[in-house]
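A.B. asks: Take this sequence and fold it.
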Amino acid sequence: MPCACSNGNTTLVYACSGAANTGYLADQVARALAKEGAGKMTCLASLGANISGYVESARGADRNVVIDGCPIGCGKRIFESLAIPFERYVMTEYNVEKGKTAITGEIIMDVTSRVKESIGNGT
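C.D. replies: Numbers count the residues shown, from 1 in each chain. Next up, the predicted model:
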């Protein structure tokens with residue numbers, strides 16, 4: 001099913017949903033982006049498991065947006081290992097400290113807005 005993305009393109013959004021606060025933030029930002037129509041959220045773990053339907057969807061997307069929780073970059077590494085183009089946003093680059101910053105609704109809204117603006121600008 002096509003998503004209601006800007007410019008009529010297919011944008012898929014993937015979140016590192018790791019155990020740290022930054023993984024939680026990545027997940028919440030990805031969900032908010034999908035809810036706001038910036039892309040369709042799909043499963044990063046399925047790509048990591050090399051499940052063919054998910055890999056082909058990623059290859060066929062006009063845009064793959066990876067929301068990584070921290071600089072370790074699990075999402076980035078998955079996309080690199082599959083040689084699929086992507087753009088990446090890292091939650092620790094939004095004044096969120098891994099293991100320390102409490103993730104509030106305000107932080108989720110702020111980071112979502114900033115990422116959505118970057119996605120909309122194609123940066």
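
A.B. asks: Could you pull up the residues touching the closest residue to residue 92 other than its chain neighbours?
C.D. replies: Closest residue to residue 92 apart from its sequence neighbours, by Cβ to Cβ, 6 or more residues apart in numbering: residue 70 at 5.1 Å. Every residue, glycine included, has its C-beta placed from N, CA and C. For residue 70, the contacting residues are 16, 18, 20, 22-23, 90-92, 98, by Cβ atoms under 8 Å, 6 or more residues apart in numbering.

A.B. asks: Pretty sure residue 62 is one of the things residue 9 touches, is it not?
C.D. replies: Yes: using Cβ atoms under 8 Å, residue 9 is in contact with residue 62, at 3.8 Å.

A.B. asks: What strand or helix carries the residue of the chain most remote from its centre?
C.D. replies: For the chain, the largest distance from the centre (Cα atoms, centre = their mean) belongs to residue 100, which lies 21.2 Å off. Secondary structure assignment for residue 100, by DSSP states H and E: no helix or strand.

A.B. asks: what's the closest non-adjacent residue to it?
C.D. replies: Distances taken as Cβ to Cβ, 6+ apart put residue 21 closest to residue 100, at 7.5 Å, once the chain neighbours are dropped.

A.B. asks: What residues are bridge-paired with the spatially most central residue of the chain?
C.D. replies: In the chain, the residue lying closest to the centroid (Cα atoms, centre = their mean) is residue 67, at 2.9 Å. Note on residue 67: beta-bridge partners by DSSP bridges are residue 15, residue 89.
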